[in-house]
Every structure is written in C-alpha cells, then in structure tokens.
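Enquirer: Structure, please.
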Amino acid sequence: MSGDAAGERRYGDWVAVRREGGGHVAELVLDRTAAMNALSTELARRLTAACADLAADRDVRAVVLTSTHPRAFCVGADLKERGGLDDAAFGRHRTVLRAAFTAVLDLPQPAVAAVRGFALGGGYELALSCDLIVADPTAVVGLPEVSVGVIPGGGGTQLLPRRVGAARAAELIFTARRVEAAEAARLGLVDVLAEDGAARDEALALAGRIAAHSPVGLRAAKRALRVGNGLELRAGLEVEDAAWRTVAFSPDRAEGVAAFNERRSPQWPGL
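Expert: Just a heads-up that it's a prediction; the model follows:
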C-alpha cells in the first residue's frame, strides 16, 4: 500500500482509493487498464485489502467503485491466468476471488458502481455487489459464465434474482447473453442511466447526496436492507427493529432532530 499528497492511496499497481477535498465519499478504483481490469489473483487480493481499509474508515460514508479504462468497468475473470492453473491452484484462486467479492458486498457504507463499457461475468458481479449501479450508454453487462463451462461464482446466481426476479435472472444466466445499456436500465440490471461518459460523475454525485446523511443511519439502513432481504416478513421486521435501535438512541439521532427543529444543516457526530 502507498499513498500521496493528492488523496490517493494505492494497493499495488491495479487498485487505488481516492479521496478529494476532505469529503465523506471514497472512490475505489480498478486500474488494471492493460487487461481491462480482468480479475487476477493479485488484483483480487488488492481489492480485498482496499475494502478492509474502507470498511474501517469511520470518515467514509459512501463508496463509489470505478474504472480508469475508457471501454471497460471489468471484463471478468482473467482467463489467461486461469489457463495456466492446475486444479489445486485453481481452488486457491477461487478462495482469493471469493474473498474480494465478499469484501465489496460487505462494505458497511452504501456503495455505488459506475459502469462504462463492459461489465461482464465477475465484472458485473462486482457491480451487483454494490447497492446501486450507475451506467452510461456504452455499458454492456452480463453473466456469460456458462459459455465457458462454469457458473457465476461471485454472487451472480444470488444477487441477480434479487434484482430482477428468478425467471429473468435464469434467462440471462442460461443464455449467457450480453445486455446493452438501454435494455439493462429497462430490466433493472442497472439503476441509473447517465449521459455518455458521465457514469463516474453521476455516481460520485449520487454518493455525495447519500453521504450528506447520518453515517450511523446509513450503515444501519444498509444492514437492515441486506440482512432482511429474502427473509420472511416478520423476521425481516425484527432485523429492521434491531437496526432501528442502534440509531434511535445514538448522538446522530439527537443531532438530526435538533437540526430539524433549529432549521439548520446537521453536524453528524458519527460513529
């Protein structure tokens, strides 16, 4: 890990975290441009390390996952690397990749993916691991794993049906088809369709609006959404109640009420 005065912390050559202007939004950057951010073992390790630091950073209220490549968010697994792995090495590689997907999924802060160009296989699964996906008209998303003899293994078989329903997810996974931006927005595969070239800016703006709110409330709301999703209603309501109790008696709640009554912007005490 290395950093510089401009607010960028690097994790090897291919992953960086950027902070600008002392704000509460962190940009998590995929920067393996020569391979369109193909998910190698080393990139996955670096991504996991960056997410661990972000999760522990109490000053970060929202995260935006971006790419420096003009034509790709992430093209998925590094098939060149995989072609040289024996079964034992492939098993170890799988463990490292799964840890990276889990690290993104488990970020306690709301996370927004900014997709420009290809987001395929594991690349789209990284986006699915975020809470919201902003795409521009060049975006192409899909889970083509069955076309190379595997299945989505970064959460795709579980996260996609939670977005678009079981039948639609089955159709997309079984056919391995790629979906362009307009259809992706119509089907709910992405949440916001930005202007051409504006996915990153739109995602950062969205994250900024999110980060204006209580960091305690944001983390609790995300926890309730993630844990409660898929549970029977009454069980989900218990999850919600537990999350509510973590914020109801917090300094953030007291400050929020005071700021509302005093007609001023809140100054969140935070975590």
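Enquirer: Let me know how buried Arg94 is, in neighbour terms.
Expert: If you count neighbours by other C-beta atoms under 10 Å, Arg94 ends up with 14. (Each C-beta comes from the backbone N, C-alpha and C, glycine too.)
Enquirer: contacting residues for the closest residue to it other than its chain neighbours?
Expert: Distance criterion C-beta to C-beta, 6 or more residues apart in numbering; nearest residue to Arg94, sequence neighbours excluded, is Gly153 at 7.1 Å. Each residue near Gly153 by C-beta atoms under 8 Å, 6 or more residues apart in numbering is listed here: Arg94, Leu97, Arg98, Gly122, Glu145.
Enquirer: And these, which of them are buried?
Expert: Leu97, Gly122, Glu145 (16 or more other C-beta atoms under 10 Å).
Enquirer: Looking at those, which is nearest Phe249?
Expert: Leu97 (39.9 Å; C-beta to C-beta).
Enquirer: and the closest one, what helix or strand is that in?
Expert: Secondary-structure element containing Leu97, defined by DSSP states H and E: helix 87-105.
Enquirer: And for Ile133?
Expert: Ile133 belongs to strand 132-135 when elements are defined using DSSP H and E.
Enquirer: helices or strands up against the helix holding Leu97?
Expert: Packing contacts for helix 87-105, counted by 3 or more C-beta pairs under 8 Å, 6 or more residues apart in numbering; DSSP states H and E, involve helix 41-56, helix 79-83, helix 122-128.
Enquirer: Now do the shortest one: which elements does it pack against?
Expert: Same thing as helix 79-83. Judged by 3+ C-beta pairs under 8 Å, 6+ apart, the packing partners of helix 79-83 are helix 87-105.
Enquirer: Give me the residues contacting the helix it packs on.
Expert: With C-beta under 8 Å, 6+ apart as the test, helix 87-105 has contacts from 39, 41, 43-45, 47-48, 51-52, 55, 65, 77, 81-82, 85, 111, 122, 125-126, 129-130, 153-155.
Enquirer: Kind regards, and thank you for your time.
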